[in-house]
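Novice: The following block contains a protein sequence and its predicted model.
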Amino acid sequence: MSKIKTRTSPAERRAELEQLHAMIAEQVAQLTDSETWANVLRMAMLFHRYSLNNVLLIRAQCPHASRVAGYRTWQKLGRQVRAGEKHIKIIGRQVKTIEQAEDGGEDTVQVYWPKRRVFDISQTDPIPGAVEIPAPAPRLRGGDDAGIYEAAYSWLTEDGWTVERARLAGEDGHTDPRNRIMRIEESLEPAHASLTILHEAAHGLLPVEMNEYHQHQGLYEAEAESIAYVVAGALSQDTGANSIGYIATWTRGDLELLHTAGARVIDTAHRILTAITEEETSTA
């Protein structure tokens, strides 16, 4: 099994993880106090994660898709869908109230599943003169100098997980805990692939029921990214350019949410580090 050599003792490592986790709240606070935060929130509201069925539909129609949105949404984001581009068909969800309930009862509703049309960013161009909203959490560029991906891949596969590089529609990674499968977007550069495999490993170690996940999605996504950030940071890989915006977006800048997840973040990060590193023995 491939492991990363370290001279840090378990006690020193845990102290470093706690320090790195404290830095997350500081950086999120700085971001939410900045002038760019309104744009970050606007971006977060305009984009959303798609259901598995829609991810499969997007992948089938546009295998290279990386970021999809509707025609008007792209215009709000300062981009124009090019003339002649073929739309990608997905299924939407719309709820209509048929009858208002009385005395605190439940409304009678009808659920519709209308067809939606979306386009990938590769089908758009910047609108001249428009202010294009930057991505709140841009993908990392560059290499994986610490060897995080190889070490995490080795640990996960030895533990019975199947880890694949694949083309994903609108996602950097996806974890199926029931079948113990992790998929990492194949186009990611090594720096971002290393962050993503740590994020997905965190989801794998902290599985939740799907209904619970959707109810508390912000917490679980911020938790997984916090774990990835502190593990990478402990191995001298700074992922803040992506992680802080990602965490801030999912928590909407709620620092209390970060504190709530603190113990689980530190404990899980310590488990991952223990699995992918080994203390270097002195030859003196």
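Specialist: Looks like it came in fine.
Novice: how about the helices in the chain?
Specialist: 10-32, 37-46, 52-61, 71-76, 148-158, 190-205, 210-215, 217-234, 240-251, 255-260, 262-276 (DSSP state H).
Novice: Give me the spatial nearest neighbour of Asp238, chain neighbours excluded.
Specialist: Nearest non-adjacent residue to Asp238, counting by CB to CB, 6 or more residues apart in numbering: Ala232, 7.4 Å away. C-beta: built from backbone N, CA, C; applies to glycine.
Novice: The one you found against Ala241, yeah?
Specialist: No. Here Ala232 does not reach Ala241: they are 11.6 Å apart, not a contact under CB atoms under 8 Å.
Novice: higher neighbour count, those two?
Specialist: Neighbour count, other CB atoms under 10 Å: between Ala232 and Ala241, Ala232 has more, with 25 against 14.
Novice: Tell me the predicted confidence for that one.
Specialist: You'll see Ala232 listed with a pLDDT of 95.
Novice: Could you report the distance from it to Ala151?
Specialist: As judged by CB to CB, to the nearest Å, Ala232 and Ala151 stand 12 Å apart.
Novice: ok so, going back, who wins for proximity to Val95 among the helices of the chain?
Specialist: Smallest distance to Val95 across the helices of the chain (CB to CB): 15.0 Å, for helix 210-215.
Novice: Using PDB, list the CA coordinates for stretch 258-267.
Specialist: The C-alpha trace of stretch 258-267 is given here as PDB (Å, rounded to 0.1, in the frame of the first residue of the first chain):
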ATOM      1  CA  LEU A 258     -18.900  25.000  11.100                       C
ATOM      2  CA  HIS A 259     -18.500  24.800  14.800                       C
ATOM      3  CA  THR A 260     -21.200  22.200  15.100                       C
ATOM      4  CA  ALA A 261     -19.300  20.000  12.600                       C
ATOM      5  CA  GLY A 262     -16.000  20.600  14.300                       C
ATOM      6  CA  ALA A 263     -15.500  17.300  16.300                       C
ATOM      7  CA  ARG A 264     -16.600  15.100  13.400                       C
ATOM      8  CA  VAL A 265     -14.300  17.000  11.000                       C
ATOM      9  CA  ILE A 266     -11.200  16.600  13.200                       C
ATOM     10  CA  ASP A 267     -11.900  12.900  14.100                       C
END
